[in-house]
Structures are given as C-alpha cells and as structure tokens.
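Asker: What follows is a predicted structure for the sequence shown.
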Amino acid sequence: MTTDPRIVPAATAPELLRNFCIIAHIDHGKSTLADRMLGITGVLEERLQKAQYLDRMDIERERGITIKSQAVRMPWDVEGSPFALNMIDTPGHVDFTYEVSRSLAACEGAVLLVDAAQGIEAQTLANLYLAMENDLTIIPVLNKIDLPSADPDRYAAELAQLIGCDVDDVLRVSGKTGEGVPELLDRVVRDIPHPVGDADAPTRAMIFDSVYDSYRGVVTYVRVVDGDLKPREKIAMMSTLATHDLLEIGVISPEPTPTKGLGVGEVGYLITGVKDVRLSKVGDTVTRAKGRAETSLGGYRDPRPMVYSGLFPLDGSDFPVLRDALDKLQLNDAALVYEPESSVALGFGFRCGYLGLLHLEIVRDRLEREFNLDLISTAPNVVYTVKMEDGKEITVTNPSEFPGGKIAEVREPIVKATILVPSEFIGSVMELCQERRGQMGTMNYISETRVEMHYTLPLAEIVFDFFDQLKSRTKGYASLDYEPAGDEAADLVKVDILLQSEQVDAFSAIVHKDAAYAYGVSMVGKLKDLIDRQQFEVPIQAAIGARIIARETIRAIRKDVLAKCYGGDISRKRKLLEKQKAGKKRMKNIGSVEVPPEAFIAALSTSDDSAAKGKKK
Ligand SMILES: Nc1nc2c(ncn2[C@@H]2O[C@H](COP(=O)(O)OP(=O)(O)OP(=O)(O)O)[C@@H](O)[C@H]2O)c(=O)[nH]1
C-alpha cells in the first residue's frame with residue numbers, strides 16, 4: 001500500500017485538489033482508462049491489476065459493466081507541485097443515470113470519453129448534458145486509438161463540433177496501452193478548477209454513494225463542501241437529523257485508507273456503524289452534530305422505480321429465504337423496493353420495483369446466485385395512474401390492482417428518448433417508434449452521416465424489447481437514451497385471462513386498447529399449447545371486463561366407456577354415454593385445471609412474443 005502523504009492527508013489545500021469523473025457511453029472504455037490511471041499514478045502496482053479493478057462486484061466483472069460508482073484518490077505531480085486527484089468512476093447504462101448525476105455533483109470537471117472507432121453515442125450526449133447542467137469543465141477525449149478501426153480525425157472533428165472547441169483540444173488516448181494517459185492527467189490538473197468552499201463555515205458534506213459491506217456496515221462516500229470532518233466526532237444527517245458516531249474516515253486509494261480527516265473539496269468515505277444504506281441516504285448532507293449547518297446542499301434526485309414485476313420462488317418453501325435475501329440486498333441497493341404479494345397461480349412472493357430492466361435482471365441474478373434461489377419473475381409493467389369518475393385516484397403497480405367500475409382516465413409514464421443513428425436508418429427508427437406509439441420531436445444532424453432523433457414514447461413501450469429491436473433494425477448502430485417526462489392519458493385496458501372461467505391473476509396485463517386483441521389471442525394460444533388435456537373440457541378466454549375477446553378450448557380426453565361393451569344393445573350404450581356426460585358435467589363444476597408450473601414460466605416469458613408485451617401491431 002502506498003504511503004504518499006497526499007493519500008493520507010490531514011487535509012490537503014483545495015488548490016492542490018482536483019475532483020473529476022469520467023463520463024462515456026457504455027463500453028467506450030471508462031473502467032479500462034480508470035485502471036490505467038491507477039497504474040500510471042502508482043496507486044495500483046501494475047502486477048496487482050486485475051482487469052477492471054474498480055468494478056468490484058463479481059457480477060460487474062462478469063458482465064463487464066459498472067454498477068456502483070467508486071471514488072479513488074491518486075497523486076500526480078505537475079511542474080513540481082504535488083496534486084491529489086479524486087477520480088469518480090461512473091456507470092454508463094441508462095438504468096443507472098441517477099448514479100451518474102450524483103457523481104457529477106461531487107466534481108468540478110469531467111473527462112468526456114468517446115470510442116475512436118464508434119464516435120458519439122446517445123449516452124455520450126446524455127452525460128454531456130448532465131455535466132453541462134452541473135457546470136463542469138469538460139475535457140474531450142478519444143479513447144481506443146490503438147484499434148485498427150479507429151478513425152480519430154473524423155471523430156475528433158465530431159466531438160469538437162459538439163462541445164464547441166478546437167479539434168486540437170481533443171485528446172487522443174488508449175486506456176489499453178496507456179498512450180496519452182499522462183498527458184490527460186496533466187490536462188485534468190491544468191483545465192479543471194480546484195474545489196472552493198468555506199473552511200470556517202459549519203461542516204457540509206454531500207453523500208454521493210453509500211454501499212453496504214457485511215463486515216463494516218454502511219460505507220458512505222462523501223464530498224466535503226464546507227468545513228471539515230474528523231474521526232470520532234458525532235455527525236448528523238440533515239434530512240433526518242439522526243446522529244451517528246463517526247468511527248472511521250478516510251480515502252480510497254485504491255483500498256480504504258483511514259485519514260485524520262477530510263477538508264474542503266475532499267472526497268472520501270465514512271463509516272458510522274449504521275447497517276442500512278437507507279439511513280445514509282444518497283443526496284443527503286452530512287454535518288456535525290454540534291454546530292450544525294443551517295441549510296443542506298440538496299439537488300439530488302431520489303431514485304424512483306420505473307418498472308414493477310412479481311418475484312416468486314419456484315419452490316414455495318423458499319419464500320422466507322427470498323424475504324431474507326431481499327432484505328439483505330436492499331441494504332446495498334436503495335433503489336430496490338418490494339412488498340409481499342400473493343398470486344393464485346404462483347403462491348407467495350414479492351412485488352418488486354426497479355429502475356429498469358437491467359436493474360431487474362441484475363437483482364434477480366444476484367438473488368439466484370448469492371442466495372441460491374430459483375425464481376420466476378412475472379411480466380414487468382410500469383406504474384399507471386387510474387382516475388375514477390368519482391374523482392378517486394389509484395396508483396397501479398400490478399395489473400391485479402387495476403380497478404373495475406367507472407374509469408375516467410388512465411395515465412401512463414412518458415419518456416423523452418434520444419436516438420443516435422447513421423442517417424440511412426432514419427426510416428427504420430421512425431417505423432419502430434411509430435409502432436410503439438411514439439411522437440416524433442426534432443431531428444438534428446450531428447455530422448454529415450449521423451442523426452440525433454428525438455421522440456416522446458410511453459415508457460411501457462420501450463422498457464421491454466425496444467432496445468433489442470432498435471439494435472436489430474439498425475444493424476447495431478443506433479444508441480438510445482431516455483429520461484422521464486411525466487405522464488399522459490392513454491387508451492389502456494386490462495386484459496384478463498380466464499381458465500375454466502376463473503381469472504388467473506399472473507397473466508393479467510395492462511395494454512393499449514389496440515394491442516389488447518393481439519395480447520389476448522397470443523396468450524390463450526400459448527396456454528392452449530402449454531396445458532395438458534384434462535378429463536374435461538377447459539375453455540381459455542381473454543377478457544376485458546366482462547367482454548370476451550379471445551377463446552381457445554382444450555378438448556377433454558374422451559375416455560372410451562364403451563370399450564368393454566362389445567355388441568350389446570343400443571340402449572345400454574346410450575345409458576353409459578349419458579352417465580359419462582353427467583360425470584363430466586360434475587367434474588367441470590368441481591374440477592380445477594392442473595397447470596404445470598413450466599406452463600406459467602413459458603407463458604410469462606417475455607422473450608418470444610411481442611404482443612405479450614403490450615405492443616401495438
Ligand atoms: N483496443 C482497446 N480496447 C479498449 C480500450 N479501452 C477499453 N477497451 C475495451 O473496451 C471494452 C469496454 O471497456 P470498459 O472499460 O469495460 O468500458 P466501460 O465504459 O467502463 O463500460 P461500462 O462500465 O459498462 O460503462 C472492453 O472490452 C475493453 O477491453 C482501448 O484503449 N483500446
């Protein structure tokens with residue numbers, strides 16, 4: 001471990017500090033560049049470098065993506081002056097935009113990283129706009145210049161045009177070989193302003209991340225804005241006024257290293273012994289318990305679940321294990337919400353809220369992997385608001401909560417989407433967006449061959465397979481970013497699926513009126529193939545309220561009651577058949593359909609059928 005005094009500061013003069021983050025489109029190489037910086041500044045010995053050191057969770061390493069932000073402190077000398085650089089690594093996926101926005105608020109500058117073989121993508125723009133909103137100094141950088149397919153001249157021009165700088169100001173680096181990285185660190189020191197704050201004012205530090213560690217409890221990442229923080233003090237969270245003992249304070253370089261305190265502009269971690277990340281809320285302001293600050297820093301968005309889905313253990317007896325597992329996971333993931341739910345078909349489980357589908361997949365993956373669970377998740381849906389004619393308003397996160405009776409209006413969440421695409425694919429993108437009830441906004445050429453298209457779309461239409469469709473219809477060239485833009489009234493209905501006239505809650509879905517028929521037909525068709533024939537006839541119906549919109553029938557297995565009756569007289573045969581008919585009638589009334597769990601899983605799987613996702617055809 002390094003013992004550079006800049007790593008273990010009492011409090012470094014703000015003039016010698018630089019706080020910056022790296023922002024980029026997914027896979028443009030942030031984590032690789034961050035690793036290279038750690039190597040070049042000597043924070044991480046090269047031989048110890050695991051690929052993507054900063055992506056600590058196994059799942060992150062496997063998927064090659066960054067989920068939680070990390071902040072690392074690095075020493076760097078420029079013209080004989082010893083600077084300390086705090087680098088905050090940010091995630092790149094749309095689901096985690098809220099992580100990016102917090103990290104940005106802790107910095108004065110951002111390295112805008114663009115793949116020299118790909119050029120600007122949708123999240124490059126989204127992150128750039130976020131950085132500009134936070135008044136950050138932007139350093140434009142082309143990465144991966146070692147790639148044979150890199151076209152740095154072309155993309156440097158594109159980038160320069162985008163941010164309005166000179167082409168020569170666009171740096172060219174390779175995170176892989178290290179080329180250009182020392183020059184980039186010099187630019188960070190030269191171009192990015194040092195933090196400013198009032199050292200004598202009451203302490204205010206903003207929490208930009210908090211993670212649960214099973215040994216140490218919650219580790220909270222902060223950026224000190226005014227005053228300072230010292231170990232063994234009592235601190236207070238300004239939103240709740242809850243006080244905690246500060247057990248340890250320090251910086252990450254690259255492992256947590258305790259320090260004697262953190263001063264103005266410094267970025268580091270604190271440990272209070274708290275066991276739940278929700279008590280150390282991202283966006284909250286930390287102050288001293290004695291001599292509290294008057295006003296909090298504020299300015300964060302709380303993560304709000306965008307997509308809900310039911311999670312059920314395949315084996316019903318695993319329910320308590322699932323509950324424990326969710327409790328533990330939530331300690332580390334403030335954006336995850338859940339409440340118990342029971343379903344006739346699937347038994348006891350939880351209704352969970354996620355930031356998006358990737359978040360859902362990650363949570364499910366972690367539950368299955370870390371807690372050894374087998375889970376079924378039901379088709380995801382967004383949050384609807386139903387206004388009744390009597391003025392009552394109902395929030396629907398589960399189709400089963402969709403009210404009957406007189407509905408005045410149903411509102412659904414809307415997003416503003418930005419799609420970047422080579423101009424030859426404009427037609428394909430327009431077609432897709434139209435199918436998904438999109439309304440076109442403006443369209444700008446960001447270079448001769450690339451276009452930025454703006455659309456307003458219902459969230460429900462894009463959270464499922466929109467991105468896959470977009471990729472396949474544009475040969476993988478399009479990129480997408482979106483942000484919530486309120487809600488809008490829409491013609492939405494609940495389609496129920498009935499087996500033997502009994503509603504099967506797990507299959508209900510809220511879909512656009514024009515897509516209801518397609519959903520109904522596809523679902524009853526699927527179930528017909530999946531459910532075995534029974535001793536009696538089983539009607540499968542799709543219905544909107546009392547109106548049946550689709551029907552299939554599983555024919556009964558006809559038991560040959562006449563088998564033993566060879567020859568014989570006709571009246572005996574008729575008697576037997578009559579008896580069978582009566583028996584069947586009874587079974588129909590009292591019998592229940594046996595549906596194998598695999599049928600539920602197959603019918604609920606969202607991968608193969610577009611109508612099942614409420615898509616308008
Ligand atoms: N040739 C080459 N490949 C690179 C370079 N930098 C990164 N890569 C590769 O690009 C891919 C993505 O790199 P990451 O560092 O994981 O990208 P990221 O932007 O951190 O991705 P997220 O964390 O998911 O947002 C990996 O396969 C890297 O090996 C580079 O300079 N040159």
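Answerer: Structure received.

Asker: show me what contacts Lys513?
Answerer: Asp491, Leu492, Val493 (CB atoms under 8 Å, 6 or more residues apart in numbering). From N, CA and C alone the C-beta is placed, and that goes for glycine too.

Asker: Now do it against Tyr519, distance only.
Answerer: Counting by CB to CB, to the nearest Å, the gap from Lys513 to Tyr519 is 11 Å.

Asker: And the helices in the stretch 451-600 of the chain, which stretches?
Answerer: 459-462, 466-473, 513-530, 570-590, 597-604 (DSSP state H, counting those that start in this stretch).

Asker: can you tell me which of those the model trusts least?
Answerer: Among the helices of the stretch 451-600 of the chain, helix 570-590 carries the lowest mean pLDDT, at a mean of 58.

Asker: Check for me that Asp324 belongs to a helix.
Answerer: Yes: counting by DSSP: H, G, I helix; E, B strand; the rest coil, Asp324 is found in a helix.

Asker: and it, how many residues sit next to it?
Answerer: By the other CB atoms under 10 Å criterion, the neighbourhood of Asp324 contains 11 residues.

Asker: residue contacts, it?
Answerer: Asp324 sits next to Phe371 when contact means CB under 8 Å, 6+ apart.

Asker: pLDDT score for the residue in the stretch 201-350 of the chain that the ligand sits nearest to?
Answerer: Residue of the stretch 201-350 of the chain nearest the ligand, by CB to the nearest ligand atom: Asp209 (15.3 Å). As predicted, Asp209 sits at a pLDDT of 81.

Asker: next one: the one 10 residues further on
Answerer: According to the model's per-residue confidence, Val219 sits at a pLDDT of 85.

Asker: Could you look up the SS state of it?
Answerer: Classification of Val219 by three-state DSSP places it in strand.

Asker: Without its sequence neighbours, what residue ends up closest to the residue of the stretch 201-350 of the chain closest to the ligand?
Answerer: Once its chain neighbours are removed from consideration, Asp209 has its nearest residue in Tyr221; the separation is 4.1 Å (CB to CB, 6 or more residues apart in numbering).

Asker: from memory that neighbour sits against Ile249, does it?
Answerer: No: contact criterion CB atoms under 8 Å: Tyr221 and Ile249 do not qualify, at 11.4 Å.

Asker: right, and the helix or strand after the lowest-mean-pLDDT helix or strand in the chain?
Answerer: When the helices and strands of the chain are compared on mean pLDDT, DSSP states H and E, helix 58-63 comes out lowest with a mean of 48. Using DSSP states H and E, the next helix or strand after helix 58-63 towards the C-terminus is strand 70-78.

Asker: So for that following strand, what gets flagged as buried?
Answerer: For strand 70-78, burial by neighbour count (16 or more other CB atoms under 10 Å) applies to Gln70, Ala71, Val72, Arg73, Met74, Pro75, Trp76.

Asker: Could you identify the helix or strand that succeeds that strand?
Answerer: The C-terminal neighbour of strand 70-78 among helices and strands, as given by DSSP H and E, is strand 81-89.

Asker: For stretch 370-388, measure first residue to last.
Answerer: Taking CA to CA, to the nearest Å, the first and last residues of stretch 370-388 lie 43 Å apart.

Asker: Let's test this: mean pLDDT of it, rounded?
Answerer: The average of the pLDDT scores along stretch 370-388 is 88.

Asker: By neighbour count, which bits of it are buried? Give me those.
Answerer: 371, 373, 375-384, 386.

Asker: Of those residues, which is the nearest to Cys433?
Answerer: Within the set of the buried residues of stretch 370-388, Val382 lies nearest Cys433; the separation is 17.4 Å, counting by CB to CB.

Asker: Next one: the closest one from the ligand, what distance?
Answerer: Between Val382 and the ligand the distance, using CB to the nearest ligand atom, to the nearest Å, works out to 25 Å.

Asker: Got the phi and psi for that residue?
Answerer: In this entry, Val382 is assigned phi and psi values of phi -90, psi -180 (degrees, to the nearest 10).

Asker: Burial check on the residue nearest to Leu357 when sequence neighbours are not counted, number of neighbours?
Answerer: Taking CB to CB, 6+ apart, and ignoring the residues beside it in sequence, Leu357 has Val463 as its nearest neighbour in space, at 5.7 Å. Residue crowding around Val463 was assessed by other CB under 10 Å; the count is 23.

Asker: surely Val463 meets Tyr308?
Answerer: No: taking contact to mean CB under 8 Å, the distance of 10.5 Å between Val463 and Tyr308 leaves them out of contact.

Asker: any common contacting residues for these two?
Answerer: With contacts taken as CB under 8 Å, 6+ apart, Val463 and Tyr308 have Pro380, Val382 as neighbours in common.

Asker: Buried ones in the host helix or strand of Leu360, by neighbour count?
Answerer: Leu360 belongs to helix 357-370 when elements are defined using DSSP H and E. Neighbour counts over helix 357-370 (16+ other CB under 10 Å) mark Leu357, Leu358, His359, Leu360, Ile362, Val363, Arg364, Arg366, Leu367 as buried.

Asker: What strands line up against the helix or strand just after it, and which way round?
Answerer: Past helix 357-370, further along toward the C-terminus, the next helix or strand under DSSP H and E is strand 375-377. If you go by DSSP bridges, strand 375-377 pairs up with strand 307-313 (antiparallel).

Asker: can you give me the angle the partner strand makes with helix 357-370?
Answerer: Strand 307-313 and helix 357-370 meet at an angle of 20 degrees, taking axes from the mean of the first three to the mean of the last three CA atoms, to 10 degrees as the criterion.

Asker: what's the model's confidence in strand 307-313, averaged?
Answerer: Strand 307-313 carries an average pLDDT of 90.
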